[in-house]
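Trainee: My questions are about this predicted structure, shown below with the sequence.
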Amino acid sequence: VPGVGWANNEEQHYTNRTDNSFVDNSGNLNIVAIKEPWTDQGLTKQYTSARLNSKFAFTYGRVDVRAKLPSNNGTWPAIWTLGKNIYEPGTFWHSSYGTTSWPGCGEIDIMEHGLGALNHVSGSLHTNSSSGATINTGGVTVSDVNANYHVYSMNWSPNQITFLVDGVGYYTYNPSNKDDNTWPFYEDQFVLLNLAMGGYSGAIDSNFTQASMIVDYVRVYQEAPLSVGANLNLDRTLRIFPNPTTEKIHISAKKTLSKIILYDVYGKHILKKENDTETLDVSQLNSGVYFLEVYSNTEKAIKKLIIN
C-alpha cells in the first residue's frame, strides 16, 4: 500500500536478502525477521523479513509443510495460498493471469500463528462471501511450536478443504452453496511463506532482536493415473536385500542401474551413488524407514528400505 507498506498494519519491510531468507547447512529454509531500520520506496520501518511466493500453481491436492515457528510476541508466521489470478501488479503471476482482486481470487491460510494464544495455530479462508474477513476459520493448540517441528497441512478437493496438524484434521470448509463468492477454489492457487511483524499479531516485544520460521519441507501431492509405462519393467525386476538390514544392502535388476538416491522418511536427501550401484553401505545411518530411488537411464523405481 503506497505510503503505508504491507496491509494489516504490519511493521516489516520484506527484502530479497539472504539475511532474511536462506537455506542452512541442514537443508532447512530459514525465514528471518530482524529488528533493524530499513527504507523501501521512501518508507522507513524498523523490521525486515521475507515473503516467498512459489512459481508453481495447482488445483486440488494436499499441501504438507513441516516447520518450526517463532513464538515471540508480535511475530506472525504464515503458510498460505493465493489464487494465481490475483490482480497484484509486479508479482510473478500478474502479467499473464492477474484479473481478479483479493479476496475474489481466494485465499487459503494453511497455518497462522500469533493471532491468538501461544501455540494456537489456525486455518482460514478468505472469499468474497466474507468480504475478506476471517469468518471461515478454525484453530487448534499444539505442543511447543518453537521447539518442535509440526506438519501443517490442508486437503483440497472439489467439495471441501480440510486443515490438519500432524495428520489430524481440526477444521473443514464445505459451503452448501458453492459459487464464485463462496468457492473460488476451482482454479489454481500458489503457495506463500512469510513472517510478518505486528499488525493483527499485536504489540512486538520491546526486547525483540530476531526470530525465524524454519521449514524442513514443502510438499504438494496430487492425484495422478498409475503409470504402467517405462517404470514398470524396472520396478518388477528390482530386488533389494537384505531388507530390513543393519549394514549393507545389495541391489539387483535385469537392467543396468545408472544411479541410486536415498531419502529419509521426510524426503531429505541422504546420499547418492552413480558408480558401484549394486551395493550400499548403510551402517552409519540411524535406524528408521528410508526410500531408495533407483534409476536405469530414464526409468525410475522406488523401494522402501528399513534400517534396524
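Mentor: Nice, thanks for sending it over. Here the structure is a predicted model, which means the values were calculated and not measured.

Trainee: Give the bridge partners for residue 217, please.
Mentor: residue 66 (DSSP bridges).

Trainee: That one contacts residue 265, correct?
Mentor: No. If you go by C-beta atoms under 8 Å, residue 217 and residue 265 don't touch, sitting 11.1 Å apart. Where C-beta positions appear, they are placed from N, C-alpha and C, glycine not excepted.

Trainee: out of the two, which sits in the more crowded spot?
Mentor: residue 217 (16 against 10; other C-beta atoms under 10 Å).

Trainee: mind listing what that one touches?
Mentor: 64, 65, 66, 266, 267, 268 (C-beta atoms under 8 Å, 6 or more residues apart in numbering).

Trainee: Helices of the chain, start to end?
Mentor: For the chain, the helices defined by DSSP state H occupy 94-97, 230-237.

Trainee: Quick one: closest of those helices to residue 210.
Mentor: Among the helices of the chain, the nearest to residue 210 by C-beta to C-beta is helix 94-97 (31.1 Å).

Trainee: how about that closest one: buried residues?
Mentor: residue 97 (16 or more other C-beta atoms under 10 Å).

Trainee: Touching that helix from outside, list them.
Mentor: Residues from elsewhere that reach helix 94-97 (C-beta under 8 Å, 6+ apart): 84, 85, 86, 87, 88.

Trainee: Do I have it right that the first one meets residue 188?
Mentor: The one in question is residue 84. Yes. Between residue 84 and residue 188 there is a contact at 4.1 Å, judged by C-beta under 8 Å.

Trainee: Can you pick out the residue with more neighbours from those two?
Mentor: Shown here are residue 84 and residue 188; by other C-beta under 10 Å, residue 84 has more neighbours (23 against 17).

Trainee: Tell me how far the more buried one lies from residue 115.
Mentor: 26 Å (C-beta to C-beta, to the nearest Å).
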